[in-house]
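Colleague: pasting the sequence and the predicted model now:
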Amino acid sequence: MPKDLFSFFNPNSIAIIGASRDIKKVGNILLTNIINSGYKGKIFPVNPKTDSILNIKCFPNIEALTEIPELVLISLPAATSLLVLNEVATKGVKNVILYASGFKEIGGEGLKLEENLISIISKYSLNVLGPNCLGFVNNNLNLNATFGNSNSEPGKIKYISQSGAIAASIFDWSLKTNVGINEFITIGNKTNLTEIDILNYFMTQSEREGDSSNFPIGMYLESISNGPEFISLCSKLSKKHPIFILKPGKTEESSFAMKSHTGSLTGSDDVLNSALLKAGVIRCSSLEDFFIASKTFSLLPYVKSQNVTIISNAGGPAVISADSIIENNLKLTQNPIDLLGDALANKYLETGAKFLLDKNTDSILFILTPQTMTEIDKTAQAISAMALQHKKVLVASFLGGQKVQSGITLLSNSKIPVFDFPEQAIKALSFLNQFDNLNNDAITGEFPSIVTHSQEVLKIISQPSTSTIDNISADKIIKELEINVPESIYFETYESAIQFANKFNFEVVIKISGDKILHKKDLGGVITNIKNESEFKNSIEAIKTKFPNTKIQIQQKVKSGIEIITGIKKDSVFGPILLFGIGGSFVEILQDKNIVILPALKDEIKHILKNSKVQKILTKENIDSTQVIDILFNFSKAQYLLDKISEIEINPVILNSDGIWAVDTKIILPTINKEII
């Protein structure tokens with residue numbers, strides 16, 4: 001059940017515990033910011049050593065308040081904050097901000113303090129923002145509840161940030177660029193209130209505002225609290241609201257002694273990218289991108305921007321921009337239009353007006369360089385006039401320094417996105433185009449049904465003494481997912497083995513199979529290209545000699561074809577994931593990583609397959625991808641086994657003229673210090 005946070009971020013009354021007369025103290029800055037922001041609600045400073053601060057009556061403690069405030073700000077050291085929090089909770093307050101650092105982020109004693117904090121929150125069912133946070137700004141309420149220099153103009157965009165420093169930089173930047181802020185919420189250690197709670201709060205606002213609601217959401221997150229819930233919320237919000245994120249940490253998950261191919265290929269950042277794609281969230285690769293996205297979605301209409309026309313008074317920047325357009329998956333409507341260095345403002349206006357009426361132009365990039373005859377201010381005014389009269393996307397790049405500053409200011413004041421460099425303007429168009437594509441790539445269908453497994457299969461996956469499941473047992477599980485597997489037996493006697501091999505004219509494969517064997521081919525435990533009974537017997541003998549205490553599997557040989565790998569494991573943040581890509585012996589060299597967050601619709605798998613190397617091969621061979629989509633969809637049902645297994649992988653799946661076959665399945669069970677080879 002989502003928390004009701006309306007009164008938290010829209011309080012009618014606020015108490016500041018730790019309010020101070022010292023202008024260098026956080027308690028003084030908080031009170032000053034609240035007053036200066038124009039907040040109209042009741043304010044209760046709390047300080048036992050004075051009767052008033054900034055001409056507002058002061059109270060000695062929370063008990064002395066004449067009413068229960070809707071929000072309490074605690075500006076005290078970490079340990080003292082917890083003592084006061086108990087008093088606040090006893091008073092009946094439910095909404096609290098803790099600004100102090102010194103909790104889990106410092107380890108040691110800080111961890112103990114955080115545990116105590118969690119206990120108090122749980123005991124009194126509190127809503128606590130922080131600790132170690134800057135607070136929040138709500139410009140709808142004229143409320144600045146931060147201790148930063150965070151004056152900002154009202155605007156469309158809402159932010160969530162784990163970093164107070166990044167918040168401070170955005171406040172300063174927004175004043176320079178005239179990009180207004182709607183709400184900015186910093187969550188710090190997010191001990192209690194997380195990005196999930198804030199997104200739920202934004203969702204409530206969106207529903208309340210209805211069709212008129214069109215605010216963008218920018219997030220800086222160092223971790224994601226609940227992956228599946230994050231995807232669910234963002235998927236709903238992103239249908240109407242552009243969401244973009246900056247998240248550091250592009251390194252792979254820490255390694256362990258022996259990974260399956262699935263484990264090796266699915267780094268945490270790869271999973272995050274797939275999760276963001278599923279959620280409809282645009283990922284920024286840098287702080288620069290984050291600021292560009294902020295300006296883009298705050299100032300531009302949410303319309304198609306893919307087909308770009310460049311109008312410039314200089315050839316060089318225009319040519320460079322043409323390359324950047326292609327690199328950002330946009331399209332150039334024609335060669336850049338060079339107005340030449342003597343172009344006056346009316347030339348920009350005349351040319352721009354022409355392309356505003358061009359049905360093949362979605363967006364226009366105006367580039368200006370300060371040459372001798374350039375009318376900088378008049379050109380800025382002409383672009384502003386065009387933007388007011390048309391709904392097409394207009395962006396500008398005024399290159400230079402002091403000479404172009406007045407034009408940049410004019411454009412900023414007119415809420416026209418203007419950038420220092422053309423590549424930044426093109427990135428802005430790219431972000432807009434990504435949002436347009438997310439809304440137009442409709443994915444429909446039903447999630448895979450839960451498979452009811454036989455008692456035999458349930459017994460197989462409940463083996464406590466093993467690390468992996470043997471091949472034939474694994475095949476039984478795959479068959480229950482409606483996936484074809486080649487026939488197999490285990491070697492018991494030469495008579496039964498030869499009888500089986502004869503059935504396929506000795507077109508068989510001999511391989512080792514055991515509960516701790518994962519990479520049998522690497523160990524020399526696979527023999528192929530058997531032609532007759534003599535070679536068959538010799539191969540059996542060779543395997544028995546090399547692996548004396550290991551099961552020997554004899555499997556029907558599948559004709560060569562396109563080889564695919566697919567696997568399922570559980571990500572620590574986002575839950576079950578499906579991997580697929582080019583399979584076979586060179587899977588880790590080719591690194592064809594395509595990740596689907598589960599559960600997934602068949603259309604989702606189709607969408608990701610479309611951009612994979614697998615699809616390129618299928619297209620080259622003129623093969624319909626339907627079979628691959630079907631097998632991946634059926635295989636995705638194995639996600640419901642992840643409470644019993646750690647990973648399941650098929651490598652390879654072979655697609656040939658006889659159909660599509662799961663040739664070698666590996667199932668890894670939860671293990672503790674068990675050697676897998």
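Modeller: On my side now, so go ahead.
Colleague: so what's the spatially closest residue to Asn127 that is not a sequence neighbour up against?
Modeller: Excluding the flanking residues, the one nearest Asn127 by CB to CB, 6 or more residues apart in numbering is Asn95, at 5.0 Å. To be clear about C-beta, it is placed using only N, CA and C from the backbone, and glycine gets the same treatment. Shown in contact with Asn95 (CB atoms under 8 Å, 6 or more residues apart in numbering): Leu5, Ser7, Phe8, Pro11, Glu70, Leu71, Val72, Leu126, Asn127.
Colleague: select from the residues you listed every entry located in strands.
Modeller: Among those, the ones falling in strands (DSSP state E) are Leu71, Val72, Asn127.
Colleague: and after the worst-scoring helix or strand of the chain on mean pLDDT, which helix or strand comes next?
Modeller: The helix or strand of the chain with the lowest confidence, counting by mean pLDDT, DSSP states H and E, is helix 261-265 at a mean of 45. On the C-terminal side of helix 261-265, the closest following helix or strand by DSSP states H and E is helix 268-279.
Colleague: and that next one, how far from the chain's centre?
Modeller: 5 Å (CA atoms, centre = their mean, to the nearest Å).
Colleague: one more: stretch 183-192?
Modeller: Mean-position distance between stretch 183-192 and its chain equals 18 Å (CA atoms, centre = their mean).
Colleague: who does the strand or helix carrying Leu579 pair up with?
Modeller: Element membership of Leu579, judged by DSSP H and E, is strand 575-582. Using DSSP bridges, strand 575-582 pairs in its sheet with strand 562-571 (antiparallel), strand 594-597 (antiparallel).
Colleague: ok, back up a step: quick check, nearest of the ones in strands among the contacts of Asn95 to Thr372?
Modeller: Closest to Thr372 out of these is Leu71 (58.5 Å), distances taken as CB to CB.
Colleague: let me know the average pLDDT across the strand holding Leu579.
Modeller: Taken as a whole, strand 575-582 carries a mean pLDDT of 95.
Colleague: ok so, going back, how close does the residue nearest to Asn127 sit to Cys133?
Modeller: To Cys133, Asn95 is 14 Å away according to CB to CB, to the nearest Å.
Colleague: run through the stretch 451-600 of the chain and note the low-pLDDT ranges.
Modeller: 464-465, 515-516, 518, 585-591 (pLDDT under 70).
Colleague: which residues in it form helices?
Modeller: Using DSSP state H, counting those that start in this stretch, the helices found in the stretch 451-600 of the chain span residues 455-460, 471-480, 494-503, 533-546, 587-590.
Colleague: ok, the nearest residue to Val271 once chain neighbours are set aside to Leu669 distance?
Modeller: Closest residue to Val271 apart from its sequence neighbours, by CB to CB, 6+ apart: Asp571 at 4.9 Å. Per CB to CB, Asp571 is found 18 Å from Leu669.
Colleague: picking up where we left off before, which other residues reach the strand holding Leu579?
Modeller: Residues contacting strand 575-582 (CB under 8 Å, 6+ apart): 227-228, 262, 265-266, 271, 274, 563-571, 587, 590-600, 605, 609, 612-614, 617, 632, 635-636, 639, 642.
Colleague: now do stretch 115-127
Modeller: Here stretch 115-127 makes contact (CB under 8 Å, 6+ apart) with 3, 5, 8, 82, 85-86, 89-90, 93-96, 98, 103, 128, 131, 191-193, 197.
Colleague: could you do stretch 229-243 as well?
Modeller: By CB under 8 Å, 6+ apart, the residues outside stretch 229-243 that reach it are 195-196, 199-200, 202-203, 206, 213-219, 224, 275, 278-282, 293, 297, 302, 431, 435, 438-439, 574, 597.
Colleague: so which of these are in strands?
Modeller: Ile217, Gly218, Met219, Ile282, Ile597.
Colleague: tell me the SS of Ser384?
Modeller: helix (DSSP: H, G, I helix; E, B strand; the rest coil).
Colleague: distance of the closest residue to it other than its chain neighbours relative to Lys156?
Modeller: Residue nearest to Ser384 in three dimensions, not counting chain neighbours: Ser414, with 3.9 Å by CB to CB, 6+ apart. Using CB to CB, Ser414 is found at 16 Å from Lys156.
Colleague: likewise Ser625?
Modeller: Using CB to CB, Ser625 is found at 41 Å from Lys156.
Colleague: still on that earlier bit, Serialize the contacts of Asn95 to TSV and add fields for distance to Lys559 and pLDDT.
Modeller: TSV is the format used below for the contacts of Asn95 (distance: CB to CB, whole Å; pLDDT from 0 to 100):
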residue	distance to Lys559	pLDDT
Leu5	60	98
Ser7	68	98
Phe8	64	98
Pro11	70	98
Glu70	72	98
Leu71	70	98
Val72	72	98
Leu126	65	98
Asn127	62	98
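Colleague: give me the buried subset of the residues you listed.
Modeller: Neighbour-count burial (16 or more other CB atoms under 10 Å) applied to the contacts of Asn95 gives Leu5, Phe8, Pro11, Glu70, Leu71, Val72, Leu126, Asn127.
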